[in-house]
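J.: sequence plus the predicted model coming up.
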Amino acid sequence: MNRVPYTEDHDLSQIKSLDELKEMALACRRCNLRAECTNVVFGEGNPTAGLMLIGEGPGAEEDRLGKPFAGKAGQLLDQILGAVDLDRYEHTYIANVVKCRPPGNRVPRPEEARRCLPWLYRQIELLSPALIVLLGSTALQNLVDPQARITKMRGQWLHSKSGIKIMPTYHPAALLRDPGKKRPVWEDFQMIRDEYLKINNR
Ligand code: SF4
């Protein structure tokens, strides 16, 4: 497949498949982050799972492998999912606010997020999940409200205009820094698992 350069005025709604969107994203040069990273980390998982997890951006290990949540935070995420009987590759699809690694794992700048978000928006449209889990404040602030605080919003179901149920919770990396956050995240993922079972009629 030919990679089509994604320009500012490119209409991503014309892109009808996840594979095609990925091909285009891998060729993206829309912001300065691409110049310093190794891989564009598009996202992965089960496209039909109905449950999408969205984090902040790739770290060093993710950049090296081209896979989301591949480092220590990813291992912890796998454990959290496993504790509520969910498997990341079977029951979820995982992506990030930005698809290229910010140098030094800094938070993506607003302009970088603004340029990258059209990829994620189209990804969400194509995946059409019933549930989205926002992992951490960067995902919450870029997808819900720039002023939102993860400490206040986590553990509550929000509703998108298109009917998607959205749960913000802490990013696994925050749990590595502060193990006191493990309990609330465990409680949040129990609610997420219950809702997941409901939508899948189990
Ligand atoms: S971070 Fe997003 S917008 Fe920037 S170059 Fe990578 S894919 Fe493109």
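T.: Nice, thanks for sending it over. Numbering: from 1, shown residues only.

J.: may I ask which helix or strand encompasses Ile54?
T.: strand 51-55 (DSSP states H and E).

J.: hmm, that strand in reach of the ligand?
T.: No. Strand 51-55 is not in contact with the ligand by C-beta under 6 Å from any ligand atom; minimum separation 13.4 Å. All C-beta atoms are positioned from the backbone trio N, CA, C, and that covers glycine.

J.: could you point out the helix or strand that follows that strand?
T.: Downstream of strand 51-55 (by DSSP H and E), the next one is helix 60-65.

J.: for the strand holding Ile54, packing partners?
T.: Counting by 3 or more C-beta pairs under 8 Å, 6 or more residues apart in numbering; DSSP states H and E, the packing neighbours recorded for strand 51-55 are strand 93-96, helix 110-127, strand 131-135, helix 137-143.

J.: any idea which of the ones you listed gets closest to the ligand?
T.: Nearest of the helices and strands packed on strand 51-55 to the ligand, taken as C-beta to the nearest ligand atom: helix 110-127 at 3.1 Å.

J.: the residue most central in space within the chain: what's its closest spatial neighbour, skipping adjacent residues?
T.: The centroid of the chain falls nearest to Ile54 when counting by C-alpha atoms, centre = their mean (1.8 Å). Among residues not flanking Ile54 along the chain, Ala139 sits closest, at 4.7 Å (C-beta to C-beta, 6 or more residues apart in numbering).

J.: thanks a lot, catch you later.
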